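> would you be able to build a 3D model of this:
(chains A and B)
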Number of protein chains: 2
Amino acid sequence: MQDRYYDLVSERVRRNMERQSPSWGGAARPDAVPLNYGFPYPESYPLEDLIEACATALREDGSEALRYGGGPLAGEFDAMVADRCNERGLQVDDENIIVTNGSAQAITVVCDLLIDPDDVVLVEAPTYMGALREFENFCADVRGVDMDDDGILTEELERILADGVRPKFLYTMPNFHNPAGCTMSMQRRRRLLELAEEYNFLLVEDDAYGELRYDGEDLPALRALDETDRVFHLGSMSKILAPGFRLGWIIGPPSLMEQGDRLKVDGGTGPFVRAMIGAYLREIDLDERIIRIREGYRRRRDAALRALREYMPEGCSWSEPEGGYFLWLTLPESVDVTVLMEDIAEAGANPLAGNIFFPDDRGRNNLRLSFSYPDEAELERGIRAIARVTAGQME
Amino acid sequence: MQDRYYDLVSERVRRNMERQSPSWGGAARPDAVPLNYGFPYPESYPLEDLIEACATALREDGSEALRYGGGPLAGEFDAMVADRCNERGLQVDDENIIVTNGSAQAITVVCDLLIDPDDVVLVEAPTYMGALREFENFCADVRGVDMDDDGILTEELERILADGVRPKFLYTMPNFHNPAGCTMSMQRRRRLLELAEEYNFLLVEDDAYGELRYDGEDLPALRALDETDRVFHLGSMSKILAPGFRLGWIIGPPSLMEQGDRLKVDGGTGPFVRAMIGAYLREIDLDERIIRIREGYRRRRDAALRALREYMPEGCSWSEPEGGYFLWLTLPESVDVTVLMEDIAEAGANPLAGNIFFPDDRGRNNLRLSFSYPDEAELERGIRAIARVTAGQME
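Numbering: from 1, shown residues only, chains lettered A, B, ... in the order given. Presented below is the predicted three-dimensional model:
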């Protein structure tokens, strides 16, 4: 694209203009079951408690709640986040955590800190499309490492590194992967840390779903296992409370966090929402809340898995996630979902096409299904629609 | 500074590590009059109306208020912003405005769009320290253009351009300049637009204070005079409502705004706060509110000017702003405020040292006084303290 201001834009934008990334939206229809959104289910939002928390924040902190940077209650929020992270072994102190505008801003801070154009960034293949877009915006050379049910294939990673690829960092979701649904085994976690140390790259651990386990035992975070301070750990209130507050955090090596703080010129992270959620968290028991919402997610996951088993034709497979929001559906190689999205929407479901989760052209026989938002009847209806279209395609 | 991760950080960060920028904080003391903050005065915040707006947003939009991107009331907020901008002649349509996380994020979007390391960015000298820091973070070659009471010296600018300097953009505050307090004349506005067209650079018009005029007549915004679509216009709710919501906006050329939107990977600008402020703006008359708060600011400005006239020693001068938040104080050349900040704080005032507003080492005999936040008695007390220390220095 030749724009009239082409000569004035940055190299990154010139390169963006030349790249055609697949759209996330697909052929979504408003009457189809929304399997696309990674949203909490509507009944999980504590609306009345939040209304009260807003009143508390504005009456208690007054104008302090509304200034740049944040007042006392915003500070309480930050302290509660740090305490919770420490309870999970994430090695937080005053020097190594920044509360961010959602974990999206945490990803931006990492990119700002580390990426020059053409630097190699490794990701799991597939990976979260938002991170992928940001790495592309920074003109990183993004390369995928394959996964299985135990997470990233550390042997494949080692091969890539031994071949001479030198990444700035590897972006990973060890728990309840978005979109793959899998969880990294303990052995792979340890091996990944060893490789990062041996080949001198950093790890970016996106743990947005880490507290949403429905079966099995929690595994320690990479950052909790990290003895050499080379893991950035990204957390978020989006999935345990609500995305709309845009509150996340990043923990990392202190010298890099100091530079990250300098790069983050934004008037302070959500001064008012931090005060409001600070007031909310003071009043409620967040652990108890998480136990309660996990029930709602577990029921949804189970309903989705039942529907998949009941309706999907032979030759299809899917992840069986122990937590998180997502199911990853693999259709026969012969099926290309990118040309089926309209039919699927027409039939009554809005999943996301698998190719938007890959840095290359793969994923055309995959779908991501978010089970977090619809109710159980809707999940059944949506998955039945996908099964019908898939079966028709396989005849 | 040689960090253990030095080899992994981006060029921008490596250059940042080597640069020592002056700290903004100075020697601020909690018991001294806060002339440093560009905050609205505490009584101006409509706390009870905001509490009600939060309840309306959460009851009316329900979970939609808390999702990524934003629900119906967030959309209403966006539409109200666009309408207001059009009432001010800012040429807004569906394709050329983005609501941002404060105008700080708008500045970041501009930098992302336009700056490669060592690109020239022109600023007024002095200029807003937050913008200066962001331009430095992007490793721009920042150059200052001098000003007088009528704003930027377009003749000096023309000389710079004729000398062969080729800026990507010029960042300007035509109204009630931060920190200089001056307002750009109509003639200079027109000349600036001509020069931008002739030398093919963009203009970034930061109008955070544009609606806060206390005397005289409003002048049209650069973007309202712009016939060639080369002005980015930055607006904000921070000064007419509250900084703590982090709501601003940017209007600009559609093709660049499309790219800006792609670069802005953040889950959507404050979905909840947009809904809440959407509900607030629907209930109140914002124009009436602005008229009312202008009164509070006018009284403060007048008190500050009275105190300056009464207490400052001979040889000092200051701006007489027609609006905005700031007074710019010029002390005799022999005075170096950077070594006086402790004494001034000790004497009872927290102004900001002038040097943080310059891209070079100037401003050492200047102070920025924010009159927006303290009450009239405090303003008198603070300015008296500054006068006392200054006079002592001049003996």
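
> where does residue A:118 land in three-state SS?
Recorded secondary structure, residue A:118: coil (DSSP: H, G, I helix; E, B strand; the rest coil).

> now do the contacts for it.
A:139, A:140, A:141 (C-beta atoms under 8 Å, 6 or more residues apart in numbering or on different chains). Where C-beta positions appear, they are placed from N, C-alpha and C, glycine not excepted.

> what's the neighbour count on the closest residue to the second one other than its chain neighbours?
By that I understand residue A:140. Leaving out its chain neighbours, the residue that sits closest to residue A:140 by C-beta to C-beta, 6 or more residues apart in numbering or on different chains is residue A:121, at 4.2 Å. A total of 26 residues lie near residue A:121 under the criterion other C-beta atoms under 10 Å in any protein chain shown.

> was I right about residue A:121 contacting residue A:166?
No - taking contacts as C-beta atoms under 8 Å, residue A:121 lies outside contact range of residue A:166: 11.1 Å.

> enumerate the residues of the stretch 151-300 of chain A near chain B.
The stretch 151-300 of chain A comes close to chain B at residues A:168-169, A:200-202, A:230, A:238, A:242-246, A:253, A:255-256, A:259, A:262-263, A:265-268, A:270-273, A:275-276, as judged by C-beta under 8 Å from any C-beta of the partner chain.

> would you show me how to pick out the buried ones of the residues you listed in ChimeraX?
A single ChimeraX command selects the buried members of these (16 or more other C-beta atoms under 10 Å in any protein chain shown):
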select /A:168,169,201,202,230,238,242,243,244,245,246,253,255,256,259,262,263,265,266,267,268,270,271,272,273,275,276
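
> about what we covered before: the residue nearest to residue A:140 in helix, strand or coil?
Applying three-state DSSP: residue A:121 is strand.

> strands of the stretch 51-200 of chain A, start to end?
Using DSSP state E, counting those that start in this stretch, the strands of the stretch 51-200 of chain A run over A:97-101, A:120-125, A:141-148, A:151-152, A:167-172.

> got TSV for those strands, with mean pLDDT too?
Formatted as TSV, the strands of the stretch 51-200 of chain A follow (pLDDT from 0 to 100):
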stretch	mean pLDDT
strand A:97-101	98
strand A:120-125	98
strand A:141-148	98
strand A:151-152	98
strand A:167-172	98
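
> ok, back up a step: how much space between the residue nearest to residue A:140 and chain B?
12 Å (C-beta to the nearest C-beta, to the nearest Å).

> need the helix or strand of chain A with the lowest average pLDDT.
Ranked by mean pLDDT, DSSP states H and E, the weakest helix or strand in chain A is helix A:11-18, scoring a mean of 92.

> sorry, back to before: save the contacts of residue A:118 as TSV, and put in neighbour count and distance to residue A:393 too.
Below are those laid out as TSV (neighbours: other C-beta atoms under 10 Å in any protein chain shown; distance: C-beta to C-beta, whole Å):
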residue	neighbour count	distance to residue A:393
A:139	21	37
A:140	26	35
A:141	16	35
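
> neighbours of residue A:223, how many?
Number of residues near residue A:223 (other C-beta under 10 Å) recorded here: 26.

> ok so it is a helix residue?
Yes - looking at residue A:223 with three-state DSSP, it is inside a helix.

> quickly list what the residue nearest to residue A:140 is bridged to.
For residue A:121, the beta-bridge partners under DSSP bridges are residue A:142, residue A:169.

> next up, the contacts around it.
Taking C-beta under 8 Å, 6+ apart, one finds A:115, A:135, A:140, A:141, A:142, A:143, A:167, A:168, A:169, A:170, A:171 in contact with residue A:121.

> and for the fourth one, nearest residue in space, chain neighbours not counted?
In space, not counting the residues next to it along the chain, residue A:141 is nearest to residue A:120; the distance is 4.8 Å by C-beta to C-beta, 6+ apart.

> that neighbour touches residue A:139, doesn't it?
No - Residue A:120 is beyond contact range of residue A:139, at 11.6 Å (criterion: C-beta under 8 Å).

> where in chain A is pLDDT low?
Chain A contains residues with pLDDT under 70 at A:1-2, A:25-27.

> so which residues of it form helices?
Taking DSSP state H as the criterion, chain A contains helices spanning A:11-18, A:47-60, A:72-87, A:102-114, A:129-137, A:154-162, A:186-198, A:222-225, A:254-263, A:271-283, A:286-311, A:341-347, A:376-394.

> could you break chain A into its assigned domains?
Domain assignment for chain A by automatic domain parsing gives A:27-44+A:295-394, A:47-283.

> deepest in the core, which of the ones you listed is it.
domain A:47-283 (a mean of 21; mean count of other C-beta atoms under 10 Å in any protein chain shown).

> quick one on the thing from earlier: mind giving me the packing neighbours of the least confident helix or strand of chain A?
When contacts are defined as 3 or more C-beta pairs under 8 Å, 6 or more residues apart in numbering or on different chains; DSSP states H and E, helix A:11-18 packs onto helix A:129-137, helix B:102-114, helix B:254-263.

> redo these as TSV? Include distance to residue B:43.
Converted to TSV, the helices and strands packed on helix A:11-18 look like this (distance: least, C-beta to C-beta, whole Å):
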stretch	distance to residue B:43
helix A:129-137	41
helix B:102-114	23
helix B:254-263	37
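
> so which of those helices gets nearest residue B:304?
helix B:102-114 (24.6 Å; C-beta to C-beta).

> is any part of the closest one close to chain A?
Yes - using C-beta under 8 Å from any C-beta, helix B:102-114 reaches chain A at B:102, B:104, B:105, B:107, B:108, B:112, B:113, B:114.

> need the contact list for the closest residue to the last one other than its chain neighbours.
Which is residue B:114. Excluding the flanking residues, the one nearest residue B:114 by C-beta to C-beta, 6+ apart is residue B:168, at 4.6 Å. By C-beta under 8 Å, 6+ apart, the residues touching residue B:168 are A:8, B:114, B:115, B:119, B:120, B:121, B:140, B:201, B:202.

> so what's the residue nearest to the last one when sequence neighbours are not counted up against?
Yep, that's residue B:202 we're talking about. Closest residue to residue B:202 apart from its sequence neighbours, by C-beta to C-beta, 6+ apart: residue B:169 at 4.1 Å. Contact analysis of residue B:169 by C-beta under 8 Å, 6+ apart lists A:8, B:110, B:114, B:121, B:122, B:201, B:202, B:203, B:204, B:232.

> pretty sure residue A:170 contacts residue A:120?
No - Residue A:170 lies out of contact with residue A:120 (C-beta under 8 Å); the separation is 9.7 Å.

> from chain B, how far out is residue A:390?
Taking C-beta to the nearest C-beta, one finds residue A:390 at 28 Å from chain B.

> for that residue, what are its contacts?
So residue A:390 contacts A:312, A:313, A:316, A:331, A:335, A:340 (C-beta under 8 Å, 6+ apart).

> and if you look at residue A:245?
Contacts of residue A:245 by C-beta under 8 Å, 6+ apart are A:237, A:238, A:270, A:273, A:276, A:277, B:66, B:272.

> so the fifth one sits against residue A:55, correct?
No - counting by C-beta under 8 Å, no contact exists between residue A:276 and residue A:55, whose distance comes to 9.3 Å.

> give me the common contacts of the two.
Joint contacts of residue A:276 and residue A:55 (C-beta under 8 Å, 6+ apart) are residue B:54.

> the residue nearest to residue B:202 and residue B:121, how far apart?
For residue B:169, the distance to residue B:121 (C-beta to C-beta, to the nearest Å) stands at 6 Å.

> now, among the contacts of residue A:245, which is nearest to residue A:43?
Of all the contacts of residue A:245, residue A:43 sits closest to residue B:66, with 12.2 Å by C-beta to C-beta.

> excluding its backbone neighbours, what's nearest residue A:170?
residue A:122 (4.1 Å).

> off-centre distance for stretch A:272-280?
23 Å (C-alpha atoms, centre = their mean, to the nearest Å).
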